[in-house]
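1. Provided below are the primary sequence and the corresponding predicted coordinates.
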Amino acid sequence: MSKIRIGIVGVGNCACSLVQGINYYRDKNRKDAIGLMHWEIGGYRPHDIEVAAAFDIDRRKVGKDVAEAIFEKPNCTTVFCDNIASTNVAVQMGRILDGFSHHMRDYGDRYTFVLADQPEPSQEEVVTILKDGGVEILLNYLPVGSEQATRFYAECALKAGVALVNNMPVFIASDPIWAKRFKERNLPIIGDDIKSQLGATIVHRMLADLFNKRGVKLERTYQLNTGGNTDFLNMLNRYRLLSKKRSKTEAVQSVTGQRLDDENIHIGPSDYVAWQKDNKLCFIRMEGKLFGDVPMNVELRLSVEDSPNSAGVAIDATRCCKLALDRGEGGILYGPSAYFMKHPPRQYTDDEAYRMTEAFINGTWGKKTDDAFERHPQKKQKAVAKG
């Protein structure tokens, strides 16, 4: 199989885990490849992904080989593979725009960015880098709240003829205008806001779906997250958090059966604790009523290393994008978006999204699936309403 050439925007903890994972699974086989949802997708294995371009704004990373830059501060995620092959790709200076929150200057070099003093590239220069590198798929790992910067790189992807995996909660795939533009260019897009492999949102969604299917009335719920990486530090700026809270809240609301009033649902990052580094703690409480209006509640504490928890999902999303490119399919990949992302263009239960994604991978997603929706218009209306 040919390689899958990717570009990375934001060489932070998530990119670090992604590049480590590509190398970690290089010498594995299907039997001992623990932690992957799919060993192969369309014949592509994790190590078939290679970095062809990368952008960042930290002077400790810009100019260095990606294999070296991923371990520079302020990255603080777990090192599970230190034998990283050189990519022969230097990190390029990126556009700053709103990709940096100024409150982070107060926390010192150890915890936050040290802005590079190099000229920021123009749109034309970024497009040239993507084209010259043979980039096929661009992965967006910009900080939460980077609305302008995300749109800048999405525009670059369109102009360069590159597919997009939008891992952040800036709404591109779920914006009909952007989605239409990718469809018109016949470029696949998966988004928005990546779900972790087994993170707070996916666990909360599964519990909410379980309540609904077992006839338990969910009356109120919260999800409180703390962490010590730059993602949590960035989100101390509550204004930057607006799209993230919307994305995470809608991910749970969409599977509750009956939507909760705003005052009865609270989901979102809660605080920054420096010593936690890339470890995320999640506290979930759900209150409801069983048979006979008898009250019940569930409390759960989840501890995960945040960035590796998303890397396997990103590897699968990347390979689905490549599969679409090979098939000549453009526009929104609805199944993979619903399965891999918190705020897809259309929300489905995780069971439905899983089946849709498997059908996409197997090549059976298409007319039969569309006909099934037409035969069950109430299901189609429900899916559209959720989206």
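-> Here it is on my side, so go on. Numbers count the residues shown, from 1 in each chain.

2. What residues are bridge-paired with the spatially most central residue of the chain?
-> Residue closest to the mean C-alpha point of the chain, counted by CA atoms, centre = their mean, is I194 at 2.1 Å. Beta-bridge partners of I194, counted by DSSP bridges, are M341.

3. Please shift the residue numbers so they start at 9 in all later answers.
-> Sure, I'll start counting at 9 from here, so that last one is I202.

4. I figured it was touching H351, is that so?
-> No: the criterion here is CB atoms under 8 Å, and I202 misses it with H351 at 10.0 Å. C-beta here means a position set from N, CA and C on the backbone, and glycine is covered the same way.

5. What segments of the stretch 9-158 of the chain are helices?
-> Counting by DSSP state H, counting those that start in this stretch, residue ranges of the helices within the stretch 9-158 of the chain are 21-32, 74-77, 131-140, 155-168.

6. Can you tell me which of those helices is packed in deepest?
-> Stretch with highest mean neighbour count among the helices of the stretch 9-158 of the chain: helix 21-32 (a mean of 25; mean count of other CB atoms under 10 Å).

7. Mind telling me what element V260 is part of?
-> Assigned by DSSP states H and E, V260 belongs to helix 250-261.

8. mind checking how far the residue nearest to G142 when sequence neighbours are not counted is from K330?
-> Nearest non-adjacent residue to G142, counting by CB to CB, 6 or more residues apart in numbering: R13, 5.0 Å away. According to CB to CB, to the nearest Å, R13 stands 9 Å off from K330.

9. So between these two, which is more surrounded?
-> More neighbours surround K330 than the other of R13 and K330, with 26 against 19 (other CB atoms under 10 Å).

10. tell me the angle of the host helix or strand of the more buried one relative to helix 21-32?
-> Counting by DSSP H and E, the element that carries K330 is helix 316-335. For helix 316-335 against helix 21-32, the angle by axes from the mean of the first three to the mean of the last three CA atoms, to 10 degrees is 70 degrees.

11. following helix 316-335, which helix or strand shows up next?
-> Sequence order places strand 339-340 as the next helix or strand after helix 316-335, per DSSP H and E.

12. strand partners of that following strand, parallel vs antiparallel please.
-> Sheet pairing of strand 339-340 (DSSP bridges) gives strand 196-199 (parallel).

13. which residues does the closest residue to F190 other than its chain neighbours contact?
-> For F190, ignoring the flanking residues on the chain, the nearest one in space by CB to CB, 6+ apart is I197 at 4.4 Å. Shown in contact with I197 (CB atoms under 8 Å, 6 or more residues apart in numbering): 171-174, 180-181, 186-187, 190, 329, 339-341, 345.

14. now for the residues you listed, which pair is the farthest apart?
-> Spatial extent of the contacts of I197 (CB to CB) is set by the pair W186 and C329 at 15.6 Å.

15. And these two? Which one has more around it.
-> Shown here are W186 and C329; by other CB under 10 Å, C329 has more neighbours (28 against 23).

16. Help me confirm that P303 comes into contact with R228.
-> No: using CB under 8 Å as the test, P303 is too far from R228 to be in contact (11.2 Å).

17. Just want to know which of those two has more residues nearby.
-> Neighbour comparison, P303 and R228: the larger count goes to R228, with 15 against 10 (by other CB under 10 Å).

18. that's a strand at the more buried one, yeah?
-> Yes: remark: R228 belongs to a strand, assigned using DSSP: H, G, I helix; E, B strand; the rest coil.

19. what's near enough to touch the closest residue to it other than its chain neighbours?
-> Excluding the flanking residues, the one nearest R228 by CB to CB, 6+ apart is N272, at 4.0 Å. Contacts for N272 were tallied using CB under 8 Å, 6+ apart; they are 227-229.

20. What residues are bridge-paired with V173?
-> Residues in beta-bridge contact with V173 (DSSP bridges): L147, I198.

21. quick one, what contacts it?
-> Applying CB under 8 Å, 6+ apart, we find V173 in contact with 145-148, 197-199, 322, 325-326, 329.

22. Most neighbours among the residues you listed, which one?
-> Neighbour tally across the contacts of V173 (other CB under 10 Å): the maximum, 34 neighbours, falls on G199.

23. The residue nearest to G142 against V143, yeah?
-> Yes: counting by CB under 8 Å, R13 touches V143, with 5.5 Å between them.

24. okay, and the common contacts of the two?
-> Residues within reach of R13 and of V143 at once, by CB under 8 Å, 6+ apart, are A60.

25. still on that earlier bit, export the contacts of I197 to a markdown table and append columns for pLDDT and distance to D358.
-> Converted to a markdown table, the contacts of I197 look like this (pLDDT from 0 to 100; distance: CB to CB, whole Å):
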| residue | pLDDT | distance to D358 |
| --- | --- | --- |
| A171 | 98 | 24 |
| L172 | 98 | 23 |
| V173 | 98 | 19 |
| N174 | 98 | 19 |
| I180 | 98 | 22 |
| A181 | 98 | 18 |
| W186 | 98 | 25 |
| A187 | 98 | 22 |
| F190 | 98 | 24 |
| C329 | 98 | 20 |
| G339 | 98 | 23 |
| I340 | 98 | 18 |
| L341 | 98 | 16 |
| S345 | 98 | 13 |
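
26. okay, those in TSV with distance to G50 next?
-> Shown next, in TSV, are the contacts of I197 (distance: CB to CB, whole Å):
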residue	distance to G50
A171	14
L172	18
V173	15
N174	21
I180	24
A181	20
W186	25
A187	23
F190	20
C329	10
G339	18
I340	18
L341	13
S345	17
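
27. State the distance from R68 to K81.
-> Separation of R68 from K81 (CB to CB): 6 Å.

28. go on, Y347?
-> According to CB to CB, Y347 stands 34 Å off from K81.

29. for stretch 357-366, the distance to its chain's centre please.
-> Here the centre of stretch 357-366 is set off from its chain's centre by 17 Å, with CA atoms, centre = their mean, to the nearest Å.

30. Low-confidence bits of the chain, can you list those?
-> Within the chain, the ranges that satisfy pLDDT under 70 run 9, 375-395.
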